[in-house]
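> build the 3D model from these lines:
(one chain, ligands or ions: 1)
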Amino acid sequence: MSDLDHDLAAEQTHLTVSREALRAMRERAEGLFATGNQVAGDAYAAETLGRTLAMRVKELADDPTTPLFFGKLSFDGTEHAGHTFHIGRRHVTDAVGEPLVLDWRAPVSRSFYRASARDPQGVGVRRRFGFATGELTSFEDEHLNRGEELGTRSTILTNEIERPRVGPMRDIVATIQPEQDELVRAELDESICVQGAPGTGKTAVGLHRAAYLLYLHRERLRRSGVLIIGPNSAFLRYIAAVLPALGEVEVKQHTVEDLIGHVAVRATDSPAAAALKHDARVAEQLRSLLWRRVRRPSAPITVSDGSYRWRIDLGPLTRIVDDVRREEPAYSLGRERVRSRVVDLLLRQSEARGESPGEAWQRKMGKIGPVAAYLDEVWPVVTPEGLVAELLTDPPEGFEAIAWATPPRSVKTAKWSTADALLIDEAAGLLESVPSAGHIVIDEAQDLSPMQARAIARRSSHGSVTLLGDLAQGTAPWSATDWRDTLHHLGKPDARVVPLTIGFRVPEQVLELANRLLPSLAVDVPPARSLRPDGRLIFGKVGDLAATAADALTEPGSVGVICADASIPSVIATLTAAGLSPGGPEDDERLTVIGATLAKGLEYDHVIVIEPADIVAAEERGLHRLYVVLTRAVTALTVLHDTPLPAPLA
Ligand SMILES: Nc1ncnc2c1ncn2[C@@H]1O[C@H](COP(=O)(O)OP(=O)(O)OP(=O)(O)O)[C@@H](O)[C@H]1O
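Numbers count the residues shown, from 1 in each chain. Presented below is the predicted three-dimensional model:
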């Protein structure tokens, strides 16, 4: 046996021992789960404990297809000199608590991603492991102490990048690159905006950052929560498995629409109305409409509590309104403040008479007729829907386009649009303050409208955000052209904007084609360098579709046919007639037909794009859409067209 074989055998043994230990950890957790009910003091404690233990059992699940560890650090310097650590997806300890595998997020593991020949951080040798279906098959050493460093030339990194893609997105924990790691491990209180060309790992970075923050601030974030926001449900489905694979099973993933909720969407807006409703100026209109409801009182109050009659003059009543207004509370809180200050005045009069009425008396006085009438006059009850209905019934100058064609009979029967739901959320935020999440990761953030950004800002007022996006991929009418604007609406104006420039998905030739569109996209973004010199770019006629798809399916990996949304039925018909069975973005078929508007954030091994000119013509920012579509390919891009290619590509 050579030294290398011997080393590999020893590592395989370590893997077997670690798997065994993880199984034992899981069995212990299951045992605790089973007895949890008996040890907990009461039903509430039992439930909490049960939930924690059930979560722990889930977290300890071993996925036999992914390796328990992917790297090893052998230290010859710092306080760790003489120690070796295996780095994996989670801690694994043996029966006496000795670590067999260190979590990739532990402080020591940082050197796995950051140590270099120039700055070895005490690491003598960094070892990366190659795996096939969960079995350890090879390793690659860098003797940092001898100045050896592979960087992006690592075969294990190359294999990982070139691996055929099938099914949902996977974690990249074994091969996070230094520029990515710096973002992943940024502090919890730091908000960051990542500007990265297609395939530079923005989504991956955001998800790993969520996992990292949860590891470091588990208790705090369990209470306040970490949210992931993505553009649509096909995308959320695509990324759904990444965090659970990293042991994080509790993170909620939403689109902006389902984050907001409030009302069922049953109407659509004209483009002009939608544009105004997504504009931050409409927030100002709602605010002033709301605060115009607050008035000074017109008469003093006289109240009888059965034994005495109390009177409050106009002067103090006016002062209360003015004071509370100046304090700028959320509107509904303001109303309660006014109420309690009136009751205070009554209480003081009563005390001056030598009485000391209790809470029940105060509650009664707060609701008594004259006090309620005063409140309704100076600070009336407002509902979010009511406020928005008022705006849409009679919009101010310059906002005529948002007017309802026919106002509904009542607020209850109103049909709301997606953008109305945003207005209602804005109004709700003026009425009551919204609980803040600890951290929010927002993907495809270039498409956030100012009003959507404000909705997220309300939910992260005490937390931080990671914004991920690419200005060149902005396809909404309100897409950002400058990150500072989005950050301003998000309430994080000082966030760092950091570029990612190494492309892990799109092959060089394909990127070169897509980049020809960049000068026409009117954005200033740093170009990316592709790590994939090995791709293929093919042009053909639309009539070649079935043959191209059939051919692509003979190779491993996923095949995505992307066309203008209107062409989906005919594309499916062509493929089906040829005996292929394409699925949609929600299915698990190897062959997927997907409309251009849903392709954002997704990737396929072989992408077949049908009629780029149709994709461009279908919408206002069609060239941006085409840029998104052309950058979905991992290995091969086939462009099929009968009409001439859009000018920048021809
Ligand atoms: N460090 C890495 N090691 C291996 N693969 C990586 C690494 N970083 C990213 N990738 C892979 O590159 C592909 C693109 O990553 P990701 O989807 O996160 O990019 P993106 O910047 O969000 O792209 P887009 O702008 O198209 O949404 C994914 O398959 C991802 O797994």
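
> how about residues contacting the one helix or strand Ile424 maps to?
Using DSSP states H and E, Ile424 sits in helix 418-431. By C-beta atoms under 8 Å, 6 or more residues apart in numbering, the surrounding residues in contact with helix 418-431 are 257, 260-263, 265, 267-269, 273-274, 277-278, 282-283, 286-287, 290, 330-332, 382-385, 387-388, 391-392, 416, 434, 449, 451-452, 454-455, 458. No exception for glycine: its C-beta is placed from N, CA and C like everyone else's.

> of these, buried ones?
Among the contacts of helix 418-431, those classed as buried by 16 or more other C-beta atoms under 10 Å are 260, 262-263, 269, 273-274, 277-278, 282-283, 286, 290, 331-332, 382, 384-385, 387-388, 391-392, 416, 449, 451-452, 454-455, 458.

> which residues of the stretch 201-350 of the chain lie near the ligand?
Contact residues, the stretch 201-350 of the chain versus the ligand (C-beta under 6 Å from any ligand atom): Gly201, Lys202, Thr203, Ala204.

> return the alpha-carbon coordinates of the helix holding Ile424 using CSV.
Extracted in CSV, the C-alpha atoms of helix 418-431 (Å, rounded to 0.1, in the frame of the first residue of the first chain):
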residue,chain,number,x,y,z
THR,A,418,-51.0,42.9,-5.9
ALA,A,419,-49.8,46.5,-5.7
ASP,A,420,-52.9,47.4,-3.5
ALA,A,421,-51.7,44.7,-1.1
LEU,A,422,-48.5,46.7,-0.8
LEU,A,423,-50.4,49.9,-0.2
ILE,A,424,-52.4,48.1,2.5
ASP,A,425,-49.2,46.9,4.1
GLU,A,426,-47.8,50.4,4.0
ALA,A,427,-51.0,51.7,5.7
ALA,A,428,-50.9,48.9,8.2
GLY,A,429,-47.3,49.9,9.0
LEU,A,430,-48.5,53.4,9.7
LEU,A,431,-51.1,52.2,12.1
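
> how far is that helix from where the chain is centred?
Relative to the chain's own centre, helix 418-431 is displaced by 20 Å; criterion: C-alpha atoms, centre = their mean, to the nearest Å.

> also stretch 324-341?
Centroid separation for stretch 324-341 versus its chain: 34 Å, with C-alpha atoms, centre = their mean.

> in it, what's buried?
By 16+ other C-beta under 10 Å, the buried positions in stretch 324-341 come out as Val324, Arg325, Tyr331, Ser332, Gly334, Arg335, Arg337, Val338, Arg339, Arg341.

> run through who's touching it.
So stretch 324-341 is contacted by 290-291, 294, 320-321, 323, 366, 371, 375, 378-379, 381-382, 429-433 (C-beta under 8 Å, 6+ apart).

> got the CA positions of that stretch in CSV?
Output in CSV follows, covering the C-alpha atoms of stretch 324-341 (Å, rounded to 0.1, in the frame of the first residue of the first chain):
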residue,chain,number,x,y,z
VAL,A,324,-49.2,62.9,21.1
ARG,A,325,-49.0,64.0,17.5
ARG,A,326,-45.6,65.5,18.2
GLU,A,327,-44.5,62.2,19.6
GLU,A,328,-45.1,60.6,16.2
PRO,A,329,-46.3,57.2,17.5
ALA,A,330,-47.8,54.6,15.1
TYR,A,331,-51.4,55.9,14.5
SER,A,332,-53.3,53.3,16.5
LEU,A,333,-50.9,53.5,19.4
GLY,A,334,-51.5,57.3,19.3
ARG,A,335,-55.2,56.8,19.7
GLU,A,336,-54.6,54.7,22.8
ARG,A,337,-52.1,57.3,24.2
VAL,A,338,-54.8,60.0,23.8
ARG,A,339,-57.3,57.8,25.6
SER,A,340,-55.1,57.1,28.5
ARG,A,341,-54.1,60.7,28.9
